[in-house]
Structure formats: structure tokens, C-alpha cells
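Participant: Sequence and predicted structure below; questions after.
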Amino acid sequence: MRGNLAYGFTDEKIKYMASVERILSRHRWTTLTFRARSDIDRVGVDSESLDNNSILLALARWGYFRRGYYSDEYRVGLNRELFKGYSQKISFRYWTFDPTFQFGYPANPEDTNSAILDSYQNSEVSIESRYARDEVFLQDDNERISMGTNKWPIFTLKYTHGFSGVFGSDFEYDKLRFGISKRIKTGPLGVGYLTVTGEYIFDTLPYPMLGIHLGNQSPIYSSVLYSLMNYGEFVSDRSASLQYQQYLEGFLLNRVPLLNKLKWRLLATTNVIVGGMRDSNKNLISTTTPDGFETLPVGYFQNGKPYIELGYGVENIFKFLRVDFVHRLSYLDNPNARKFGVLFTVQVQL
């Protein structure tokens, strides 16, 4: 059971989150989860993907809060390991979108005189399959932590269907997401971790419901984020990405006198993503709000050109600190684009 309660003195609104998880079976690890949440979020920061990184979520709320929105969310999920290595998850989610920024979309994009709307609500069901053949877990009575796999890749496939009219929801849609992650032994060069993902959204939707790729405007490094991408900088309805981390361990620094006493370890990172957006989704981006104000611009990939960033770093500094130096190689002329960044991570690795 988890929860929090907060009050905003500026907006005079109460925020809360309450979550309950019940373990139905420990033999075939089966959990049932309920969550209710009311809070302010920002477009381009996926709280579900960053649920295990509370520091990043907290830092995302500092500074100029661009593209914020209020949301009420209710979620129920059932997860079960059907057989060793294969788990199945089904979840239902209802949430609302009430923006605090200048946003709008036409109720009927084919009608030039269509009313402009700026809020919506949705209900959806997701089915997610995950297969990891030789996955190892650390498990006690109430928790189970994955230690990953050694030889075989991990496959995930997630299908999401949105229901129009259910609890007043506004859109019907289908989304498909596929991912592969693999630990790769590279001999004296250490070990690499590769993640390849693809996503396709079949229907026409307001851009906050499309694929908004996870940027990072904090000084904290995370392998699931694009380190020099701004929040909400790229939106797509189809995308493919590759993320790779190479841990060189003691390959070079162990051979340098004096430095080898520090037991620092080198690493390298690569992030590449490319996507696109259909004209039907571009036409659903209004230039004005319902009140007639100009909306914030939306960015998307140009002519199949990928976003690329490369990095290198050192870990195990003082036994817990990691420092990454990241260079952005494409879309350097985008507004407020950062070409270089230094990011930090606190971690403990054996």
C-alpha cells in the first residue's frame, strides 16, 4: 500500500495518490493492483515509465513547468506468470486531460468552422505479454525483483484499445508497442545492454495521446530517457528506437598506473530514435485555443531523419557516483536544443 497527499498554494488544489497491491499467488506470481491519482503532470514526462525513479519525477516538477495538465486517473491491473519466463498483464485505465498550457484541437478537422476543444477523457484496456526465458528473480514474501537474463533476450508486446463512450471517454483507438532487450557479452570489452522498441498508433488523436518521446531536462541520467531531448520536443504516431550501453568495466582504466587504484569503470552510450506523423494527426493540431490564443508549437521528425545522441562516462566514482558526458548529433537547430550535457547518477553495482 502506498499513498501521498499534497496541497498547492498557488493553484489551491489538492493532489493525491493511493495505490494498493494484493498478491494472489506466490507460486505463479500473481498480483492485483488498484490506483487512484489526482495531480498535475506535464506532457512528455511519462510517470508510468519513471515510476521507479522518484528523483527524476521530482526534478521534472522544478523550473518552468511547460505543457502542464491536471489529470484524474483510475487504474486496475492484473499480472500473472502463466509459466516460467512468460507473464501476462491486463489493465484498465481511465483518465482526464485538462491543460494549463495553450492547447487545442478541432472537434471535426474536416470542417474549417469546427469548434476548438482543449480537454478530453479516455478509457482504455491494455494487454501486455512478456517473455524472458532465463530470467532470475530475488523474491521474498511480498516483493520480487528481476535480476535480468544472461543468455536470452526479453520480449514485450503491448496492445492498447481505447473505448469511445465508456465513462464518457472521447476517443476510440488502437496502439501497438513491441520491445526487445538483450544483455550482450563482449569479452574483454565488458558487457553491453541493447534495447530496441517500436510503436504504431493506428488512429487520429490529439498529440498528447500520441508517442511523446521521453526527454530529460534534469541533471540526472536515466537509461530510459533521451538525455538532451527537451520535454515534448518530438511527437509521432509511429517510431522505432535503439538504445545501447556498453560497460567497459576495467578494460582501460585498470591498465593506467594510479588510476587503477580508484577502480573507476568506463562506459559508452548510444540513443537513436526515428519516427513520423500522418497528415491526419498533423491536421488535428490547432493553431489556436478555444479562447482564440495561439497554441504552443509541436515538434516532429523531419523526412525520416533520426534523433541521435552519443555519450561516454565513468562509473564507480567514490563507489557510488556515475558521470555521463553526452553529445547531441542531430536536430541541432531546434529551439533551445542542447548540444552537450553532463549528467549524474547515484548507483550501486557489484
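Facilitator: The structure has been received and is ready for your questions.
Participant: Please go through the protein and pick out the longest strand.
Facilitator: Among the elements of the chain assigned as strand by DSSP state E, the one spanning the most residues is strand 68-83.
Participant: ok now do T195, which residues does it touch?
Facilitator: Under the criterion of C-beta atoms under 8 Å, 6 or more residues apart in numbering, the contact list for T195 reads G179, I180, S181, K182, S223, S241, L242, Q243, Y244. (Glycine included, C-beta is placed from N, CA and C.)
Participant: Quick check: bridge partners of the nearest residue to R2 once chain neighbours are set aside?
Facilitator: What sits nearest to R2 in space, not counting adjacent residues and going by C-beta to C-beta, 6 or more residues apart in numbering, is S19, at 4.6 Å. Note on S19: beta-bridge partners R2, R35, judged by DSSP bridges.
Participant: all helices of the stretch 51-200 of the chain, in order?
Facilitator: 54-59 (DSSP state H, counting those that start in this stretch).
Participant: mind listing what's buried in stretch 8-16?
Facilitator: Burial within stretch 8-16, assessed by neighbour count using 16 or more other C-beta atoms under 10 Å, is assigned to no residue.
Participant: In PDB, list the C-alpha atoms belonging to it.
Facilitator: As requested, C-alpha coordinates have been extracted for stretch 8-16 and formatted as PDB (Å, rounded to 0.1, in the frame of the first residue of the first chain):
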ATOM      1  CA  GLY A   8      -0.800  23.500  -4.000                       C
ATOM      2  CA  PHE A   9      -0.800  27.000  -2.500                       C
ATOM      3  CA  THR A  10      -0.700  28.700  -6.000                       C
ATOM      4  CA  ASP A  11      -3.500  26.700  -7.700                       C
ATOM      5  CA  GLU A  12      -5.300  25.900  -4.400                       C
ATOM      6  CA  LYS A  13      -5.800  22.300  -5.500                       C
ATOM      7  CA  ILE A  14      -5.500  19.100  -3.500                       C
ATOM      8  CA  LYS A  15      -3.300  16.400  -5.100                       C
ATOM      9  CA  TYR A  16      -3.300  12.700  -4.000                       C
END
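Participant: Okay, now the unreliable bits of the stretch 51-200 of the chain?
Facilitator: Of all residues in the stretch 51-200 of the chain, those with pLDDT under 70 make up the ranges 51-64.
Participant: can you give me the strands in it?
Facilitator: Counting by DSSP state E, counting those that start in this stretch, the stretch 51-200 of the chain has strands at residues 68-83, 86-99, 105-106, 116-117, 120-132, 137-139, 144-146, 154-162, 173-185, 191-201.
Participant: most neighbours per residue, which of the ones you listed?
Facilitator: Among those, strand 105-106 has the highest mean neighbour count (mean count of other C-beta atoms under 10 Å), at a mean of 22.
Participant: Give me the contacts around it.
Facilitator: For strand 105-106, contacts defined as C-beta under 8 Å, 6+ apart pick out S114, A115, I116, L117, D118, P206, Y207, N283, L284, I285, S286.
Participant: Which ChimeraX command selects the buried ones in those residues?
Facilitator: The ChimeraX command for the buried members of these (criterion: 16+ other C-beta under 10 Å) is given here:
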select :116,117,118,206,207,284,285,286
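Participant: Farthest-apart pair in the contacts of strand 105-106, please.
Facilitator: When the contacts of strand 105-106 are compared pair by pair using C-beta to C-beta, the two farthest from each other are A115 and Y207, 18.0 Å apart.
Participant: ok, what's across the strand from T197?
Facilitator: T197 forms beta bridges with G179, S241, as assigned by DSSP bridges.
Participant: so how far is K89 from the spatially most distant residue from the centre of the chain?
Facilitator: Seen from the C-alpha centroid of the chain, the residue lying at the greatest distance (C-alpha atoms, centre = their mean) is P257, 41.0 Å away. According to C-beta to C-beta, to the nearest Å, P257 and K89 sit 52 Å apart.
Participant: ok, now G250?
Facilitator: Relative to K89, G250 is positioned 39 Å away (criterion: C-beta to C-beta).
Participant: got it, and S241?
Facilitator: 22 Å.
Participant: can you check G148 too?
Facilitator: G148 sits 19 Å away from K89 when distances are taken as C-beta to C-beta.
Participant: What of L138?
Facilitator: Relative to K89, L138 is positioned 20 Å away (C-beta to C-beta).
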